[in-house]
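S.K.: predicted coordinates and the sequence they were generated for:
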Amino acid sequence: MPKLETVSEIVRKSMLEWPCIEPENTPWTPMVKPLSECKVALVTTAGLHIRGDKPFVQDKAMPRTGGDTSYRVIPRGTAAKDIVQSHTSIAFDYAGIYRDINVTFPIDRLQELVDRGEIGSLSDNYYSYMGALIDVTGIIEESGPEVAQRLKAEGAEVVLLTPT
């Protein structure tokens with residue numbers, strides 16, 4: 001993310017006035033067993049998807065919403081070179097992800113933790129959303145619960161969220 005003093009006045013004002021959901025309560029499930037025995041999943045808002053999959057899009061009819069609240073499935077075995085980004089935020093610096101996907105989507109680091117016995121196992125699929133959304137209603141009401149059900153069906157017990 002750029003420093004506020006380096007962006008235009010319009011972008012700066014938009015960033016300073018960005019809405020933030022403040023739920024009345026925070027859903028929390030305490031750990032019932034050690035992480036070394038848990039299946040871990042990964043969910044990101046980096047706008048990542050498999051090369052050739054449908055890119056994330058900005059809703060041109062409603063530019064203030066930020067757009068696409070759908071998700072993409074990235075199977076765990078997907079090579080980093082086959083994962084691309086179609087995030088549409090103009091205020092996002094893509095350089096780090098282009099150099100090393102693990103900056104925001106730590107697929108190699110998670111596997112290293114499994115190999116060292118610090119994590120029990122990894123889910124078969126990871127999930128990606130586009131971030132920088134002003135209106136997240138579609139995620140809260142539709143795609144979020146769908147991904148949660150998929151994660152439960154895959155046996156995920158812990159989810160690492162990587163916001164971007």
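M.R.: Cool, got the structure. Residues are numbered from 1 along each chain as shown.
S.K.: rest of the way, CA atoms for contacts and neighbours
M.R.: OK.
S.K.: tell me the pLDDT of the residue lying closest to residue 124 once chain neighbours are set aside.
M.R.: Spatial nearest neighbour of residue 124, excluding adjacent residues (C-alpha to C-alpha, 6 or more residues apart in numbering): residue 76 at 5.3 Å. Looking at residue 76, its pLDDT stands at 95.
S.K.: so residue 76 sits right up against residue 125, yeah?
M.R.: Yes - with contact defined as C-alpha atoms under 8 Å, residue 76 reaches residue 125; the gap is 5.1 Å.
S.K.: looking at the two, which one has more neighbours?
M.R.: Neighbour totals were compared for residue 76 and residue 125, and residue 125 leads with 19 against 16 (other C-alpha atoms under 10 Å).
S.K.: give the contact list for that one.
M.R.: Contacts here follow C-alpha atoms under 8 Å, 6 or more residues apart in numbering; on that basis residue 125 touches 41, 73-76.
S.K.: ok, which stretches of this protein are helices?
M.R.: Assigned by DSSP state H, the helices in the chain fall at 9-16, 95-99, 107-115, 137-138, 144-153.
S.K.: mind putting those into a markdown table with mean neighbour count and distance to residue 23?
M.R.: Shown next, in a markdown table, are the helices of the chain (neighbours: other C-alpha atoms under 10 Å; distance: least, C-alpha to C-alpha, whole Å):
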| stretch | mean neighbour count | distance to residue 23 |
| --- | --- | --- |
| helix 9-16 | 12 | 20 |
| helix 95-99 | 11 | 30 |
| helix 107-115 | 15 | 29 |
| helix 137-138 | 13 | 13 |
| helix 144-153 | 15 | 15 |
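S.K.: grab the most central residue of the chain for me.
M.R.: Taking C-alpha atoms, centre = their mean, the centroid of the chain lies closest to residue 44, which sits 1.3 Å from it.
S.K.: so that one touches residue 132, yeah?
M.R.: No - Residue 44 is not in contact with residue 132 according to C-alpha under 8 Å; the separation is 11.9 Å.
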